[in-house]
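Enquirer: here is my input; please provide its structure:
(one chain, ligands or ions: 1)
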Amino acid sequence: MAITIAVASGKGGTGKTTTCANLAVALSQFGKDVTVIDADIAMANLELIMGIEGKPITLNDVLSGNADIKSAIYEGPAGVKVVPAGVSLDSFKKARPERLLEVLSKLDEQSEVLLIDCPAGIGKEALTAISAAEHLLVVVNPEISSISDALKVVSIANRVETNVLGAIINRVTEDSSELSSRSIETILEIPIVGIVPEDTNVRRSSAFGVPIVLKHSDSPAAQSIMELGAKLVGKQYIPKEKTKDSFVKKFFKGIFGGKKK
Ligand SMILES: Nc1ncnc2c1ncn2[C@@H]1O[C@H](COP(=O)(O)OP(=O)(O)OP(=O)(O)O)[C@@H](O)[C@H]1O
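Expert: Numbering: from 1, shown residues only. I've put the predicted structure just below:
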């Protein structure tokens, strides 16, 4: 049985898919066997961020009864198994979302960790995904509308008894107009498990179809997601900055400190 984590958000566009894709890679890099599924069947874009677009069999084919889930699992970056939803409107129209629960329970046997990229909001598919998952991570932006929508997701999760691990605040710029993490924690009444800064490399990475934790692993957003991954698996992550420092120190030690007098 996999540890199942739904990655959800109240508002659309908070960076949920980006976070989910990168967290999947981060967990894989920490040695976990990870599957990530795009349950956002209407607005699928996990496959673009993971660089596996255009696959012949997708979740929508499985949901329409035309394929088995095993044929819709693809190897993605860093060995993460990815179930794309498919961007074809035709297969989306044929899909029967009510089958999602059955698909998720089959996927449960496939790996150690199952991440579910949920649709934004509290629609039927989001609800199915959240109630099927053991745990929930909610991705928010540091603004009141995002937080107030996230409150609804958290309350749904509580109602269906999905354990809320906490919130990830994404796109933080530290502008004075932003809500502080303490305020967000107080409003949502859940822990803040990650703070991911606004980072232009996120978009660059997406354009290349390579998750930022691989493409720009030393960028601030990548490091924050690696830290979150480490926290989830109970490991310590030493950010690259520190690695770089110690490298610089070693380098100078090597040149200046290693000389015999
Ligand atoms: N930390 C970040 N810094 C800069 N840009 C970001 C960051 N996180 C996400 N983005 C950008 O925000 C946009 C939305 O991201 P993403 O598609 O992951 O959001 P989403 O919440 O999954 O959206 P939807 O609700 O439509 O599924 C993308 O253009 C992405 O590149």
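Enquirer: mind listing what Leu115 touches?
Expert: Counting by C-beta atoms under 8 Å, 6 or more residues apart in numbering, Leu115 makes contact with Ile5, Val7, Cys20, Leu23, Ala24, Leu27, Val34, Thr35, Val36, Ile37. Just so you know, the C-beta spots here come from the backbone N, C-alpha and C atoms, and that holds for glycine as well.
Enquirer: inside strands: which ones of the residues you listed?
Expert: When DSSP state E is applied, the contacts of Leu115 are split such that Ile5, Val7, Val34, Thr35, Val36, Ile37 fall in strands.
Enquirer: make a markdown table out of the residues you listed and add pLDDT, neighbour count and distance to Cys118.
Expert: What follows is the ones in strands among the contacts of Leu115, written out as a markdown table (pLDDT from 0 to 100; neighbours: other C-beta atoms under 10 Å; distance: C-beta to C-beta, whole Å):
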| residue | pLDDT | neighbour count | distance to Cys118 |
| --- | --- | --- | --- |
| Ile5 | 97 | 25 | 10 |
| Val7 | 98 | 25 | 6 |
| Val34 | 97 | 29 | 16 |
| Thr35 | 97 | 23 | 15 |
| Val36 | 97 | 30 | 12 |
| Ile37 | 96 | 29 | 10 |
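Enquirer: columns distance to the ligand on top of those residues, output as CSV?
Expert: Shown next, in CSV, are these (distance: C-beta to the nearest ligand atom, whole Å):
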residue, distance to the ligand
Ile5, 15
Val7, 9
Val34, 18
Thr35, 18
Val36, 13
Ile37, 14
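Enquirer: ok, so of the residues you listed, who is nearest Thr162?
Expert: If you rank those by distance to Thr162 using C-beta to C-beta, Ile5 comes first, at 9.6 Å.
Enquirer: got phi/psi on the residue nearest to the closest one when sequence neighbours are not counted?
Expert: Distances taken as C-beta to C-beta, 6 or more residues apart in numbering place His135 nearest to Ile5, at 4.6 Å, with adjacent residues excluded. Backbone torsions of His135, given as degrees, to the nearest 10, read phi -130, psi 160.
Enquirer: what do you get for Ile116?
Expert: Torsion angles, degrees, to the nearest 10, at Ile116: phi -110, psi 120.
Enquirer: ok, now the one 3 residues further on?
Expert: Here is the backbone geometry of Pro119 (degrees, to the nearest 10): phi -70, psi 150.
Enquirer: I figured it was touching Ile41, is that so?
Expert: Yes - between Pro119 and Ile41 there is a contact at 7.5 Å, judged by C-beta atoms under 8 Å.
Enquirer: residues contacting the lengthiest strand in the chain, please?
Expert: Using DSSP E, we find that the single longest strand of the chain is strand 163-172. Strand 163-172 is contacted by residues 5, 14-15, 18-19, 134-142, 150, 154, 157-158, 178, 181, 184-185, 188, 190-198, 228, 232 when judged by C-beta under 8 Å, 6+ apart.
Enquirer: buried members of these into ChimeraX, please.
Expert: Of the contacts of strand 163-172, the buried ones go into a single ChimeraX selection, burial set by 16 or more other C-beta atoms under 10 Å:
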select :5,14,15,18,19,134,135,136,137,138,139,140,141,142,150,154,157,178,181,184,185,188,190,192,193,194,195,196,197,198,228,232
